[in-house]
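Novice: Coordinates only, no sequence provided:
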């Protein structure tokens with residue numbers, strides 16, 4: 001299985017819990033109300049959700065039973081709820097229900113949400129409400145949002161089925177982190193009527209006193225406190241689609257019919273607060289990487305990658321706790337060392353070890369003379385006759401990552417399919433996709449490539465440079481190469497005998513594609529350590545995220561999220 005395949009193997013971590021039984025208004029009324037009947041058809045939230053289906057224009061509502069042995073099961077598609085009759089029950093209101101149960105699953109939480117995909121806002125139902133309410137999002141900052149931070153996505157003119165898309169990570173007003181949702185009404189005071197006879201709600205009118213705003217964070221509602229307060233919003237997690245929640249509203253101030261069908265909206269691309277964050281599955285290798293996701297009433301760590309065939313990339317692809325063990329190199333005279341296939345110094349006629357290194361005939365690695373008799377622990381390498389952390393104090397050039405004492409391009413030779421891109425040697429969803437990488441400010445998502453770019457440079461930077469805060473800077477700026485190497489053309493290479501960096505490809509340790517440089521085991525001088533040395537660092541390269549940084553939360557994806565979200569600091 002490919003490493004980007006997302007398995008549903010989870011380690012459950014209970015971080016949040018929501019009601020699993022009926023919810024009451026502060027005055028004791030159970031909400032939402034039971035289904036009703038109008039025009040010989042069932043009404044209420046269960047009927048609304050029975051018509052939210054994978055196939056358009058159908059509902060999972062069964063016809064009354066014509067006989068004791070013949071009953072319609074109501075199943076016409078995959079829908080959130082299914083309602084059906086048994087013989088001799090109410091011919092308008094089915095007595096049986098499965099799927100999303102509006103009463104049993106009624107909740108006022110989560111109040112805030114983490115974006116994990118591009119968002120889609122949809123009008124599920126406007127019911128028979130007089131008010132033409134509007135619905136949108138705001139940044140959840142811990143304080144009541146100002147009117148300027150209320151962003152309407154579904155205005156008063158939208159009708160059932162209308163939707164609006166939002167690439168929130170590219171929105172100039174998105175502050176990062178969690179978001180909340182709001183309803184704005186056109187009600188005049190507590191009159192239950194439209195202010196000035198105009199039933200179209202806008203944020204501007206509400207700010208001027210012609211309407212009310214109700215929030216997913218209930219404490220900000222104008223009628224939230226005391227015995228006479230009201231719950232205006234019920235929140236439901238979809239049973240059919242991942243990362244989708246429903247928002248069922250009551251829109252009258254200090255009054256409620258309690259059926260919560262005045263406006264029903266949905267938002268896809270979000271998870272509960274805490275969702276989309278990086279988590280540790282407790283497994284080895286790439287299988288360790290997970291992303292938190294709401295599953296029912298719990299927040300779970302969902303494994304992102306299943307074991308795959310081992311590659312020579314400095315990662316534990318098969319999740320057996322060993323790095324690059326059994327990895328096969330394409331060339332007959334190559335060996336896998338420190339995440340890259342390099343010439344076997346014992347077999348190659350053209351390759352010679354750099355000055356100060358000798359060829360170990362057993363492993364085919366170039367070994368520093370001072371390290372010939374050293375046997376370092378698996379979490380260290382030998383440099384200058386001492387066992388050290390191979391990536392300690394190392395800052396690799398832009399576009400490189402430190403693995404076991406070598407600065408390498410982890411995506412060299414990696415080919416990703418579809419809309420995926422390579423990040424730290426693993427194929428992940430690009431930015432702007434569900435569970436894709438998330439671009440940290442000031443980077444922005446290039447939807448065309450799925451990568452994060454710095455938009456501040458007016459013209460593309462030349463090869464060997466990259467954009468930082470409006471300037472093209474050399475890829476070697478700020479780099480601290482390992483083991484006495486120097487940075488040349490974004491590579492850490494060994495200097496020649498004269499002390500100058502030799503990158504001319506003549507076989508003396510120059511960092512060229514012929515394998516005679518940093519990735520050929522010279523850089524880490526590990527005393528001939530073999531393929532099953534366990535990775536001990538993912539050092540932070542200049543301007544590029546480490547393997548653990550691609551998916552730091554804060555929507556997250558990304559990447560995978562994540563925000564799932566994964567975070568990306570530039571590439």
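Specialist: Thanks, I have the structure now. Just so we're clear, the structure is a prediction, and the values are computed from it rather than from any experiment. Numbers count the residues shown, from 1 in each chain.
Novice: hey, let's count contacts and neighbours off CA atoms from now on
Specialist: Fine.
Novice: what's near enough to touch the closest residue to residue 253 other than its chain neighbours?
Specialist: Residue nearest to residue 253 in three dimensions, not counting chain neighbours: residue 190, with 5.8 Å by Cα to Cα, 6 or more residues apart in numbering. Going by Cα atoms under 8 Å, 6 or more residues apart in numbering, residue 190 touches 252, 253, 254.
Novice: where does the second one land on pLDDT?
Specialist: Confidence at residue 253, expressed as pLDDT, is 93.
Novice: was I right about it contacting residue 221?
Specialist: No. Between residue 253 and residue 221 there is no contact under Cα atoms under 8 Å: 9.5 Å.
Novice: more crowded one of the two?
Specialist: Using other Cα atoms under 10 Å, the more surrounded residue of residue 253 and residue 221 is residue 253, with 23 against 20.
Novice: give me every residue that touches that one.
Specialist: Applying Cα under 8 Å, 6+ apart, the residues contacting residue 253 are 187, 189, 190, 192, 212, 223.
Novice: Burial check on residue 432, number of neighbours?
Specialist: By the measure other Cα under 10 Å, the count of residues near residue 432 is 30.
Novice: Equivalent analysis for the one 3 residues further on, please.
Specialist: Residues near residue 435, counting by other Cα under 10 Å, number 30.
Novice: go on, residue 494?
Specialist: 30.
Novice: hang on, it packs against residue 481?
Specialist: No. The pair residue 494 / residue 481 is not scored as a contact, 9.8 Å apart, by Cα under 8 Å.
Novice: so where's this protein shaky on pLDDT?
Specialist: For the chain, applying pLDDT under 70 flags the ranges 1-21, 276, 295-297, 338, 378-379, 438, 441, 496-571.
Novice: If we use 50, what do you get?
Specialist: 1-20, 497-500, 502-571 (pLDDT under 50).
Novice: Can you give the domain ranges for it?
Specialist: As assigned by automatic domain parsing, the chain contains the domains 35-102, 113-272.
Novice: Walking through the stretch 251-400 of the chain, point out its strands one by one.
Specialist: 263-272, 278-280, 289-295, 298-303, 334-337, 340-343, 357-359, 366-368, 381-383, 386-388 (DSSP state E, counting those that start in this stretch).
Novice: Please report phi then psi for residue 235.
Specialist: Here is the backbone geometry of residue 235 (degrees, to the nearest 10): phi -120, psi 140.
Novice: can you pull the contacts of it?
Specialist: Here residue 235 is in contact with 106, 107, 108, 109, 110, 245, 246, 247, 248 (criterion: Cα under 8 Å, 6+ apart).
Novice: between these, which is closest to residue 345?
Specialist: Taking Cα to Cα as the measure, residue 345 lies nearest residue 245 of these, at 58.9 Å.
Novice: a helix runs through the closest one, doesn't it?
Specialist: No. Using DSSP: H, G, I helix; E, B strand; the rest coil, the assignment for residue 245 is strand, not a helix.
Novice: What's the separation between residue 149 and residue 31?
Specialist: Residue 149 is 30 Å from residue 31, where distance means Cα to Cα, to the nearest Å.
Novice: packing partners for the top strand by length along the chain?
Specialist: Using DSSP state E to define each element, the chain has its longest strand at strand 113-125. Counting contacts by 3 or more Cα pairs under 8 Å, 6 or more residues apart in numbering; DSSP states H and E, strand 113-125 is packed against strand 151-154, strand 163-166, strand 179-184, strand 263-272.
Novice: Good, we can wrap up now.
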